[in-house]
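Asker: only geometry, no sequence info:
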């Protein structure tokens, strides 16, 4: 039986893919839930900094640690899941 990955592991995989990508200085990814884009994450490869834009609150969060980015994304998505 295949082993399931956690939501946090899936988020980390996407973030590591952004970090490894070589097709430009800035890597952007959307994080959707229920068909709605809730977050946009941008990684600046030159400065090795992360920016998380929460569309609901129109607020930016800045990080320099991939683990903290993953936790913030997880928390924001989970918050919306618990609302519905």
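Answerer: Arrived safely, thanks for sending. Remember, predicted model here, so these are calculated numbers, not experimental data.
Asker: what about stretch 42-57, average pLDDT?
Answerer: Averaging pLDDT along stretch 42-57 yields 96.
Asker: hang on, isn't residue 11 packed against residue 75?
Answerer: No - taking Cβ atoms under 8 Å as the definition, residue 11 is not a contact partner of residue 75, at 10.5 Å. (Glycine included, C-beta is placed from N, CA and C.)
Asker: who's more crowded, the two?
Answerer: residue 11 (22 against 9; other Cβ atoms under 10 Å).
Asker: Any buried residues in the helix or strand hosting that one, and which?
Answerer: Per DSSP states H and E, residue 11 falls inside helix 7-20. Of the residues in helix 7-20, 11-12, 15, 18 count as buried by neighbour count, 16 or more other Cβ atoms under 10 Å.
Asker: ok, now stretch 66-79?
Answerer: Applying 16+ other Cβ under 10 Å to stretch 66-79 flags 66, 69-70, 72-74, 76-77 as buried.
Asker: Walking through the protein, point out its strands one by one.
Answerer: Secondary structure of the chain (DSSP state E): strands located at 26-33, 36-44, 49-54, 59-63.
Asker: out of those, deepest packed?
Answerer: Neighbour counts (mean count of other Cβ atoms under 10 Å) averaged over each of the strands of the chain peak at strand 49-54, with a mean of 18.
Asker: For residue 3, give me the pLDDT.
Answerer: 56.
Asker: Report all helices and strands that the helix holding residue 11 contacts.
Answerer: Here helix 7-20 touches strand 26-33, strand 36-44, helix 66-83, going by 3 or more Cβ pairs under 8 Å, 6 or more residues apart in numbering; DSSP states H and E.
Asker: That helix versus strand 26-33: what angle between them?
Answerer: Per axes from the mean of the first three to the mean of the last three Cα atoms, to 10 degrees, the angle that helix 7-20 makes with strand 26-33 is 160 degrees.
Asker: Now do helix 7-20: everything it contacts.
Answerer: Contact with helix 7-20 is made by 5, 27, 29, 31, 41, 43, 45, 50, 66-67, 69-71, 73-74, 77-78, as judged by Cβ atoms under 8 Å, 6 or more residues apart in numbering.
Asker: Poorly predicted segments of this structure, please.
Answerer: 1-4 (pLDDT under 70).
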